[in-house]
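In: okay, here's the prediction I keep looking at, along with the sequence it came from:
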Amino acid sequence: MSYILQTNHLTKIIDGKELVKNVNIHVKKGEIYGFLGPNGAGKTTVLKMATNLWKPTEGSVELFGKPLTPKSYEVFRRMGSIIEFPVFYDHLSGRENLSLHCEYMGYYHAGSVEKALEMLELSEAADKPVKTYSLGMKQRLGIARAVLVEPELLVLDEPTNGLDPAGMKHLRDLLKMLCAEYGITMILSSHILSEVESIADTIGIINHGNMIKEISMREISEMNTAYIRLSTADTKAAAYVLADKLELKQFKVMDARTIHIYDTGVSANDLSKTLAENNVVIDAVGKQSESLEDYFLKLTEGEGKVC
Amino acid sequence: MLKLIRLEWKKNRIGKYARNALILTGVLFLMLLTVAGELESVETRFSYGRDMLKSGVEMFTNLSFVIFTSVMLAAFIVGTYRDKTINLMFSYPISRKMILGSQMAAVWIFNFTALVLSKIAIFAALAATRRLTHISAQSIALGSGMFYAEILADSAVMVSIGFVSLPVGMFLKSSKAAVIAGVVIVCFTQGNIGSYTLMGNIPFYTVLLAASAVSVFASLYRVETRDV
């Protein structure tokens, strides 16, 4: 399969410190790829190498099927990016910044600046100097600039930083629309899982510089992600019943009142009945789906180890 | 390349620098107007030679525009590393050498032009006001081709020497350091200790020009493979 963006054993070492090691990511054409990891995991490092700002110590990056070299310039005509935070010429207006971007990109389409400003709801502030913009407005202007030239690939590093909840939702809707209507492929990094969960087709999880997992959202939902959530005041007695009476092996005491049961061979009804027969008072019992957050935590913190 | 230079001027609001250069020229003229008579006096000519007026104009314009060059290098190049706009520039489908080259050329062309025009304007204004200051017509040879050739050559050398401040600012990632380096260059090239001065010292200027060329080369060397 051909990928729009692919990294092969990407490694970056600075001053003897290994920032990322052997990272392999595969972004398919037309998909939204969520690049997840806690702060400091190495997301920005990988994205900097994918956009040629940093050069790999080892490994390689392929963009649009061709290896990225220090002299790969033309490929940037097909890309839009925000790495770390969007930077602007603060003394210029939002409109002037976007016009300059078009000039540097060699993109001349009448009305494109207006369209981008409108799309990101920045038309009213377009003629004000960027130094007067709020953090959220700068973030939106950065996205407007990234999508302005209708790129085939968008690389967005923590694009929702500084946005309020309404702004985040607007951005999610916009990214979904760009992907669906314009076929733009996206890789967006985030440590806010709920954002990625709602729009990503594939996720890559990185932690401590190592790529832990790359998996499609469909696969996550198809995996053994369902569990029974049991709430009781006496988790100790409940755990005894689960292990000894029901002979369950895959469950985990989450806190003083909650147990997650991952065994598939038991129903909530059987569970309630057996616990009641053994005098364990149940507050609530019900089937739950594992969220991306649970999956992420399981992978990054090893909290998924079951009893 | 010309388009890139034009964009550099546009995004750095070159009109503001042109206005400042104009104000600077006016201030230098007024200052020189007050000392022109003194520089042309018999005593001065006897002690220091006949070219003191010309030297005075060149010294003040050169030192001002070497510092001006450093200030512009700090804003056009060093500042872009500090405020990270260089990351944006390096995300464009343009070679990094071209980008940095256009930034340097934008600064050099502007300062060379401004310095030449400033010198010519000051000389012309001094010539126009010589009845007030009693300076002789021979001191300012506005009709001579050599006069203009000297201005062009001298201005090119001085603006180029100003580029020595670039690697200082780049290495220390500090615009202030670049400007201070410009002031230090001015002290060495235009200053004096007692009667000793390096002003007009051709071997010294040659060394500075070579240093300037090395500075430009060092700024461009392996820029394509550097992390930003």
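Out: Looks like it came in fine.
In: separation between residue B:80 and residue B:106?
Out: 12 Å (C-beta to C-beta, to the nearest Å). C-beta here means a position set from N, CA and C on the backbone, and glycine is covered the same way.
In: from the contact counts, what lies against the lengthiest helix in chain B?
Out: Criterion DSSP state H: the longest helix present in chain B is helix B:96-128. Helix B:96-128 sits against helix B:2-11, helix B:14-39, helix B:52-73, helix B:145-162, helix B:202-220, with contacts defined as 3 or more C-beta pairs under 8 Å, 6 or more residues apart in numbering or on different chains; DSSP states H and E.
In: the fourth one versus helix B:202-220: what angle between them?
Out: Read it as helix B:145-162. Interaxial angle, helix B:145-162 versus helix B:202-220 (axes from the mean of the first three to the mean of the last three C-alpha atoms, to 10 degrees): 50 degrees.
In: measure residue B:221 to residue B:101 for me?
Out: Counting by C-beta to C-beta, the gap from residue B:221 to residue B:101 is 12 Å.
In: neighbour-wise, which of these two wins?
Out: Shown here are residue B:221 and residue B:101; by other C-beta atoms under 10 Å in any protein chain shown, residue B:101 has more neighbours (18 against 12).
In: what angle sits between the longest helix of chain B and helix B:202-220?
Out: Going by the same axes, to 10 degrees, helix B:96-128 makes 140 degrees with helix B:202-220.
In: can you list the buried residues in helix B:96-128?
Out: B:96, B:99-104, B:106-108, B:110-112, B:114-123, B:125-126 (16 or more other C-beta atoms under 10 Å in any protein chain shown).
In: same question for stretch A:182-199.
Out: A:184-191, A:193, A:195-197, A:199.
In: ok, those residues vs chain B, which is closest?
Out: Minimum distance to chain B across the buried residues of stretch A:182-199 is 14.8 Å, recorded for residue A:187 (C-beta to the nearest C-beta).
In: secondary structure class for that closest one?
Out: What DSSP: H, G, I helix; E, B strand; the rest coil gives for residue A:187 is strand.
In: now it, nearest residue through space, not along the chain?
Out: residue A:33 (4.4 Å; C-beta to C-beta, 6 or more residues apart in numbering or on different chains).
In: what number of residues lie near that neighbour?
Out: 25.
In: okay, the angle between the longest helix of chain B and helix B:2-11?
Out: 70 degrees.
In: now do helix B:96-128, average pLDDT.
Out: The pLDDT scores in helix B:96-128 average 92.
In: what number of residues lie near residue B:1?
Out: A count of nearby residues for residue B:1, using other C-beta under 10 Å, gives 9.
In: now it: closest residue in space that isn't a chain neighbour?
Out: That would be residue B:102: by C-beta to C-beta, 6+ apart, it lies 5.9 Å from residue B:1.
In: for residue B:92, see how far away the one you found is.
Out: Applying C-beta to C-beta to residue B:102 and residue B:92 gives a distance of 11 Å.
In: contacts for the strand ranked longest in chain A, please.
Out: If you go by DSSP state E, chain A has its longest strand at strand A:5-14. Here strand A:5-14 makes contact (C-beta atoms under 8 Å, 6 or more residues apart in numbering or on different chains) with A:18-27, A:33, A:42, A:45-46, A:49-50, A:54, A:56-63, A:153, A:155, A:185, A:187, B:227.
In: what residues of it count as buried?
Out: Result for strand A:5-14 [16+ other C-beta under 10 Å]: buried residues A:5-8, A:10-12.
In: do the same with stretch A:27-39
Out: Using 16+ other C-beta under 10 Å as the burial criterion, the residues of stretch A:27-39 that qualify are A:27-28, A:31-38.
In: ok, residues contacting it?
Out: A:1-6, A:25, A:43, A:46-47, A:153, A:175-176, A:179, A:183, A:185-191, A:193, A:196-197, A:199-207, A:296, A:300.
In: quick one: which of the helices and strands packed on helix B:96-128 is nearest chain A?
Out: helix B:2-11 (5.2 Å).
In: which other helices and strands contact the closest one?
Out: helix A:94-105, helix B:96-128.
In: report the backbone C-alpha coordinates of it in PDB.
Out: Extracted in PDB, the C-alpha atoms of helix B:2-11 (Å, rounded to 0.1, in the frame of the first residue of the first chain):
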ATOM      1  CA  LEU B   2      14.200  39.600  -7.000                       C
ATOM      2  CA  LYS B   3      10.700  38.500  -6.000                       C
ATOM      3  CA  LEU B   4      12.000  37.100  -2.700                       C
ATOM      4  CA  ILE B   5      13.900  40.400  -2.000                       C
ATOM      5  CA  ARG B   6      10.800  42.400  -2.800                       C
ATOM      6  CA  LEU B   7       8.800  40.200  -0.300                       C
ATOM      7  CA  GLU B   8      11.400  40.700   2.300                       C
ATOM      8  CA  TRP B   9      11.100  44.400   2.000                       C
ATOM      9  CA  LYS B  10       7.300  44.100   2.000                       C
ATOM     10  CA  LYS B  11       7.000  42.000   5.100                       C
END
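In: got the angle for that helix vs helix A:94-105?
Out: 160 degrees.
In: before we move on, the earlier item: save the helices and strands packed on helix B:2-11 as JSON lines, and put in distance to residue B:202 too.
Out: Below are the helices and strands packed on helix B:2-11 laid out as JSON lines (distance: least, C-beta to C-beta, whole Å):
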{"stretch": "helix A:94-105", "distance to residue B:202": "42"}
{"stretch": "helix B:96-128", "distance to residue B:202": "19"}
